[in-house]
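[1] Output the structure for:
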Amino acid sequence: MPTLLPTQRFATHLLIATPQRNGDMKFLERKEKNNYLLEMIEKDRCISLKQVADKFGCSKRTVKRMLSELKDEGHNIKYCNAIKRFLKEN
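    Numbers count the residues shown, from 1 in each chain. Sure thing, here's the model as predicted:
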């Protein structure tokens, strides 16, 4: 095994410690999608988790997390089983 300088060891360690995943959404991209999701709900266009996941190219679990973030921001979002849609209550 070749001897590495301290800086080379550090650089190698950083590359191993911070893997990049292709599916990660950047903060601004996530915020834009959250805002668009809220707009879809307000305009009564949000039917299902699958519909939103397909539109955003993510999983249904990610959409659930996005809805949770919107709720944490103070938006009162509910799913109505009778009409099969997400609703924003005032």
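[2] Quick check: closest non-adjacent residue to E69.
    N34 (5.9 Å; CB to CB, 6 or more residues apart in numbering). (Glycine included, C-beta is placed from N, CA and C.)
[3] how close does R30 get to C58?
    10 Å (CB to CB, to the nearest Å).
[4] quick revisit: after the host helix or strand of the residue nearest to E69 comes which helix or strand?
    Assigned by DSSP states H and E, N34 belongs to helix 27-42. Going down the chain from helix 27-42, the next helix or strand is helix 49-56, by DSSP H and E.
[5] quick one: average confidence on that following helix?
    In this model, helix 49-56 has an average pLDDT of 91.
[6] From the contact counts, what lies against the helix or strand that comes right after it?
    Next helix or strand after helix 49-56 toward the C-terminus (DSSP H and E): helix 60-72. Here helix 60-72 touches helix 27-42, helix 49-56, strand 76-80, going by 3 or more CB pairs under 8 Å, 6 or more residues apart in numbering; DSSP states H and E.
[7] List the contacts of the closest residue to E42 other than its chain neighbours.
    Spatial nearest neighbour of E42, chain neighbours left out: K88 (5.5 Å); criterion: CB to CB, 6+ apart. Counting by CB atoms under 8 Å, 6 or more residues apart in numbering, K88 touches L38, I41, E42, H75, N76, I77.
[8] hmm, try it at 6 Å
    I41, E42, I77 (CB atoms under 6 Å, 6 or more residues apart in numbering).
[9] circling back to that earlier point, adding mean neighbour count as columns, could you present the helices and strands packed on helix 60-72 in CSV?
    Shown next, in CSV, are these (neighbours: other CB atoms under 10 Å):
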stretch, mean neighbour count
helix 27-42, 14
helix 49-56, 16
strand 76-80, 12
